[in-house]
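Trainee: A structural model of the following input is requested.
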Amino acid sequence: MKSNLKTLIKTYPFPAYVLLGILVGIFVKIAFKQDMYAHYIWFATLILGGAPIVFKTIRGIFKGEFASDIVAMLAILTAAIMDQAFAGAVVVLMQSGGEALESFGLKRASSSLDALLARAPQFAFRKRDESIEKIPVENVEIDDILVVRPGDLIPVDGVVFKGTAEIDESAITGEPLATIKKEGAFILSGSVDVTGAFEMQAKKLSKDSQYAKIVTLVRKAQEEKAPIQRLADQYAIYFTPLTLLMALIGYLITRDAHTILSVLVVATPCPLILATPVAVLSGISRAAEVGIIVKGGAPIEQIGKAQIAVFDKTGTITYGIPRVKGITALNGTSEEDLLYKVAAVEQLSTHSVAESIKQKGLERFKTLPLPSNFKETPGRGVEADLNGEHIHIGSQAFLEESLGALAFSGFLKVIEEELTKENLLIFIAINNKFSGFISFTDEIRTGVPALIQYLHSLGVEQTMMLTGDSQRNAEFIAKKAGIHNVKASLLPEQKVEVIKKLKSLYKNVIMVGDGINDAPALATATVGIAMGAHGTAISAEAAEIVLLVDDVTKVGDAVAIGQRMLRIAKQSILIGMGLSFCLMVVAALGHIEPAIGALLQEIIDAAVILNALRAR
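Mentor: Model (predicted):
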C-alpha cells in the first residue's frame, strides 16, 4: 500500500504539491500566528496550481468540450480575483486530485499496434539458382520462390510450390485445426508452418498480404474510434448552467460579489470529479480479483452499458484446440485397444492433435508405454513399433502410400459419412491392416450456454457469433451455445465491417476474441475483450479488457461489475449534486463564507468517496 502511494505521488506530483502548500499555510497560520504569510502561501498555491487547470479548461471550451471542469475553473478565477486564497486552493486540490485519479484509472499499459507490428513476418528465405538467401520481407517480389522452414511464419500471401505443408491458420482465419496444403494451395501471411519445410511462390507483395491488411485495419480502427464522453460530463451539461444561475440569483439577492464565490465554491463539482474515478478504480480492482484486467475507466463504463455481445468462435466460444470426438474401431479391433496403441505412439509426435490423443489416453489408462522405432513424416503421419506390432497413424494418403490403395476398400462409406461432418480424421493401421480412425472437433466451452442466458438477464439485447470457420461448423456451435445470429467464413476486414454496422444500430458493442484475425474487430468495437490466457498477445493488446483466466464466462462477470460500478457512480454523483444544490441555496442567501463553503464541500466529498468505494 505504501509503495503504491509513493508510485501515485511520483506519477502525479501536482496534487501532492498543492496539498503540501495548503498544509504548510495551515501550519504557518496556527503555529506562528502569521495570517499574512499563510495567505501568501495559499495564494501562491492557488495561482501556480490553478493556472494549468484554467488554461486546460479554456482550451477544451474552444474545442467544443463542455465539461464538469468549467465550474471549478470559474471558482478558481473568482477566488483569485477576490483574494480568497484558501478557498481557491482547496478547489485546486480537489480538481487536480480528481484528474489524477481519473488519469490513473485510464492509463493504458501498452500499444496494440506496436505489438502487432512486432509479430509481423520480418524476413523471407528466397531461393535463387539452388541457393537460399535471407531477405527482408519487403524485398519479396511476386513469383519469387521462397523456402519456409518448420515453425516459420508465412512471409507473404502465396501458393505451395513444391512439397506438402501443414499450416496453422487459427490466428488468421479462426480455423481451429491445422490444414494440409498441397501444391497449388493458397496460404496466408502470418500463419505458421507446423511441421516440414516446403517451397512457396509469392503471389502478393508484403504490403498487400493478409497480415499487412490486419495491421492497417487495427491502425484505422484506433484512429477512427470516437472519444467517449465521461460520465461526469454528462451530468455537467445540466449542473453547470444551474450553478451559474444560482450564482446570479445569489448576487441579485445579496448584492455582494462574495456570494458568487461562495456559490461557486460549494458547487465546485467535486462529486462529479471524484465519484466516477473512485468508483472506476474500485470496479477495476474488483475485476482484477476475478482475473479480468481492465485497461482504463472508459471500458468499464461502456461494458456496463453493453447492448450487444459479439463472440469469435474458435478459442472463444470453443476451446480452440482439436479434441477427440469419436473413435471408430474396425477389422476386429476394439475401441479401447485402438486408443491405447494410438495414444502410446502419439506421445512422441509433434502433430497438433498428438497432445489431445495423449491426454485422452492418459485419462482412460493413467499410464502409457513408449513405442520403439518411431518415425514421423511431417504433415502426413507417424509409424512405430509397440509390443511387437507395427502401427501407422496419419492421413488417408499416408496410409494409402504405406498399405496400398485397397486398404480402405469396404470402409469408404463409413469414412465419407464422417467426412461430411467436417471433422478432422486420422487413420490407423495395425500390422498393415486398416484398423479404424479417430475424429477430432473443436468443442464448445463449458458454461457458454449459461453465459449467453446470463448476459440476456443483465440486459444485453443481442448476442452474435463472427468466425472465419465454415457456415456449417459455425451454425452447429452457435446452436449449442444458444446464439441465434451467426456470420461465418469472414476475413478480418469483413468482421470489422460487421462490427461497424452493429455500432450504427447499437450504441455499445462488445467484441470477444482471441486470434490475430480478431484484433481489428476488437479495436473497432466499443469495448474489445480478449482471451488472454491462451489467445494471441496481439489480440490482448488490441482489446480494452483482457481475461487472464481461460474462461469466457468471465465476460458476464465483467458486464455485471461494470453495471454495478455505473449504479454506484451515478448514486454518488446524484447524492453529491443534491447536497451541493442545498448548500448553493444557503450560499445564495448570503449565509456561507467562501472558506466555510470549501470545508463543507470537503464533507460532501468524503461522503461521495465512501459511497463510491462500495464498487470495490
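Trainee: CA only for contacts and neighbour counts going forward, please
Mentor: Noted.
Trainee: Okay, domains of the chain per the record?
Mentor: The chain resolves into domains spanning 2-109+232-287+561-615, 122-155+157-203, 292-320+444-548, 323-441 when parsed by automatic domain parsing.
Trainee: and the end-to-end length of the shortest one?
Mentor: Meaning domain 122-155+157-203. Start-to-end span of domain 122-155+157-203 (C-alpha to C-alpha, to the nearest Å) is 17 Å.
Trainee: So which residues of the stretch 351-500 of the chain form strands?
Mentor: Counting by DSSP state E, counting those that start in this stretch, the stretch 351-500 of the chain has strands at residues 372-377, 381-386, 389-394, 424-430, 433-441, 462-466, 485-487.
Trainee: pLDDT (mean, whole number) over the longest one?
Mentor: When pLDDT is averaged along strand 433-441, the result is 88.
Trainee: partner strands of it, parallel or antiparallel?
Mentor: Paired neighbours of strand 433-441 in the sheet (DSSP bridges): strand 323-329 (antiparallel), strand 424-430 (antiparallel).
Trainee: Met200 against Val148, yeah?
Mentor: Yes: using C-alpha atoms under 8 Å as the test, Met200 is close enough to Val148 to be in contact (7.3 Å).
Trainee: between these two, who's got more neighbours?
Mentor: The neighbour comparison of Met200 against Val148 (other C-alpha atoms under 10 Å) goes to Met200, with 30 against 22.
Trainee: Might you report the residue contacts of the more buried one?
Mentor: When contacts are counted by C-alpha atoms under 8 Å, 6 or more residues apart in numbering, Met200 touches 145-148, 158-162.
Trainee: Double-check that it belongs to a strand.
Mentor: Yes: counting by DSSP: H, G, I helix; E, B strand; the rest coil, Met200 falls inside a strand.
Trainee: Can you read off the pLDDT for it?
Mentor: 95.
Trainee: bridging residues for it?
Mentor: Here Met200, judged by DSSP bridges, has bridge partners Leu146, Val160.
Trainee: Now do it against Asp157, distance only.
Mentor: 9 Å.
Trainee: Tell me which of the strands paired with strand 433-441 sits most buried.
Mentor: The highest mean neighbour count among those, using mean count of other C-alpha atoms under 10 Å, belongs to strand 424-430: a mean of 22.
Trainee: export that one as PDB, just CAs?
Mentor: The C-alpha trace of strand 424-430 is given here as PDB (Å, rounded to 0.1, in the frame of the first residue of the first chain):
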ATOM      1  CA  LEU A 424     -10.600 -33.900 -38.900                       C
ATOM      2  CA  LEU A 425      -9.800 -37.600 -39.200                       C
ATOM      3  CA  ILE A 426      -6.700 -39.500 -38.600                       C
ATOM      4  CA  PHE A 427      -6.500 -43.100 -39.800                       C
ATOM      5  CA  ILE A 428      -4.800 -46.100 -38.100                       C
ATOM      6  CA  ALA A 429      -3.400 -49.300 -39.400                       C
ATOM      7  CA  ILE A 430      -2.000 -52.200 -37.200                       C
END
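Trainee: of the strands of the stretch 351-500 of the chain, which approaches Glu336 most closely?
Mentor: Among these, the nearest to Glu336 by C-alpha to C-alpha is strand 433-441 (11.7 Å).
Trainee: any idea how far Lys570 is from Val608?
Mentor: In terms of C-alpha to C-alpha, Lys570 sits 10 Å off from Val608.
Trainee: if you count what's nearby, which of the two comes out ahead?
Mentor: Neighbours around Lys570 and Val608, counted as other C-alpha under 10 Å, are more numerous at Val608. The numbers are 28 against 21.
Trainee: Show the pLDDT at that one.
Mentor: 80.
Trainee: got it, and the one 3 residues further on?
Mentor: Reading off the confidence values, Asn611 has pLDDT 80.
Trainee: That one sits in which helix or strand?
Mentor: In this assignment (DSSP states H and E), Asn611 forms part of helix 594-612.
Trainee: which secondary structure elements does that helix contact?
Mentor: helix 85-106, helix 257-267, helix 270-289, helix 554-588 (3 or more C-alpha pairs under 8 Å, 6 or more residues apart in numbering; DSSP states H and E).
Trainee: Going by mean pLDDT, which of those comes out lowest?
Mentor: helix 85-106 (a mean of 73).
Trainee: about what we covered before: will you turn the strands of the stretch 351-500 of the chain into CSV that also has distance to Val24?
Mentor: Shown next, in CSV, are those (distance: least, C-alpha to C-alpha, whole Å):
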stretch, distance to Val24
strand 372-377, 77
strand 381-386, 78
strand 389-394, 79
strand 424-430, 74
strand 433-441, 70
strand 462-466, 57
strand 485-487, 63
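Trainee: Could you list the low-pLDDT ranges of the stretch 451-600 of the chain?
Mentor: Of all residues in the stretch 451-600 of the chain, those with pLDDT under 70 make up the ranges 533-538.
Trainee: Arg564: what's it in contact with?
Mentor: Neighbours of Arg564 in contact, by C-alpha under 8 Å, 6+ apart: 304, 615.
Trainee: let's number from 12 now, not from 1
Mentor: I'll keep to 12 as the first residue from here, and by that count the last item is Arg575.
Trainee: how close does it sit to Leu349?
Mentor: Distance from Arg575 to Leu349, by C-alpha to C-alpha: 53 Å.
Trainee: contacts for stretch 617-625?
Mentor: 282, 285-287, 289-290, 293, 579-580, 583-584, 586-587.
Trainee: Relative to Ala135, which of those residues is nearest.
Mentor: Ser293 (48.3 Å).
Trainee: Count the neighbours of the spatially closest residue to the closest one that is not a sequence neighbour for me.
Mentor: Nearest residue to Ser293 in three dimensions, chain neighbours excluded: Arg627, at 4.3 Å (C-alpha to C-alpha, 6 or more residues apart in numbering). Neighbourhood size, Arg627 [other C-alpha under 10 Å]: 18.
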